[in-house]
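Engineer: missing the sequence, but the structure's below:
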């Protein structure tokens, strides 16, 4: 009699490893149903006009169930399934001795790889909505600032400098300014590619040639 193995080949777009249990799969289905219903409503009637009650009804879940998964309508869009522990493990796995620019390239490349494994994090419609809806854009920037603060601490430790060192703070400000406000400013709501981000870092390292 055959039994289902606990470790199966992952489906495309999902990280490898043990298959989630039934409870986790059911939770993922409910979470995805809420997101799908929300995005459909946002497209048809606009983000501002859509209510939590409408999203819950369209997803066929109760109001209470909605709030077990998301704190607000805003978080339906902003919250992804990327694991903070996995990002921390990724950073700690970076070999020592890289220059500050090579370190950036490695970090950006690794973060793109993690995001690519999460369908919601790399969802184009979600990205466009964040870029075009002022409330979401502002909230996203706030969350990004928190990630930058965490990343600054890691870079400081890696390079052996203080987190409040002026040179480090200027370096981080220059890099984030380029990645967030130059690369991420195509005007058409497209997700910047890894190649564009790496090219921007190359230009910074080359003293911004024109």
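Structural biologist: Received the coordinates, thanks. Bear in mind that the values here come from a model prediction, so they are computed numbers and not experimental data. Numbering: from 1, shown residues only.
Engineer: so what pLDDT did the most centrally placed residue in the chain get?
Structural biologist: Closest to where the C-alpha atoms of the chain average out (CA atoms, centre = their mean) is residue 121, at 5.0 Å. With respect to pLDDT, residue 121 has a value of 87.
Engineer: ok, so what distance separates it from residue 58?
Structural biologist: The gap separating residue 121 from residue 58 is 23 Å, by CB to CB, to the nearest Å. For the C-beta atoms, the positions are set from N, CA and C on the backbone; glycine is no exception.
Engineer: next one: residue 134
Structural biologist: Separation of residue 134 from residue 58 (CB to CB): 24 Å.
Engineer: State whether residue 61 and residue 34 are indeed in contact, as I suppose.
Structural biologist: Yes. With contact defined as CB atoms under 8 Å, residue 61 and residue 34 form a contacting pair (6.5 Å).
Engineer: Could you check which of those two is surrounded by more residues?
Structural biologist: Remark: of residue 61 and residue 34, residue 34 carries more neighbours, 22 against 17, as counted by other CB atoms under 10 Å.
Engineer: element containing the more buried one, please.
Structural biologist: Element membership of residue 34 [criterion: DSSP states H and E] is helix 22-45.
Engineer: Show me what that helix packs onto, helices and strands only.
Structural biologist: helix 52-58, helix 63-69, helix 73-78, helix 124-132 (3 or more CB pairs under 8 Å, 6 or more residues apart in numbering; DSSP states H and E).
Engineer: for residue 171, what are its contacts?
Structural biologist: Residues in contact with residue 171 (CB atoms under 8 Å, 6 or more residues apart in numbering) are residue 100.
Engineer: Remind me what the longest helix along the chain packs against, helices and strands.
Structural biologist: Criterion DSSP state H: the longest helix present in the chain is helix 134-159. Packed against helix 134-159 by the contact rule (3+ CB pairs under 8 Å, 6+ apart) you find helix 73-78, helix 100-116, helix 124-132, helix 166-178.
Engineer: distance between the shortest one and the chain's centre?
Structural biologist: In terms of CA atoms, centre = their mean, to the nearest Å, the gap separating the centre of helix 73-78 from the centre of its chain is 13 Å.
Engineer: What's the first helix or strand after that helix?
Structural biologist: With DSSP H and E, the next secondary element past helix 73-78 is helix 84-92.
Engineer: who's more crowded, residue 134 and residue 58?
Structural biologist: Neighbours per residue, other CB under 10 Å: of residue 134 and residue 58, the larger number sits with residue 58, 16 against 9.
Engineer: ok, how many other residues are close to the closest residue to residue 126 other than its chain neighbours?
Structural biologist: Nearest-residue entry for residue 126: residue 77, 6.0 Å, with adjacent residues in sequence omitted and distances by CB to CB, 6 or more residues apart in numbering. Residues near residue 77, counting by other CB under 10 Å, number 26.
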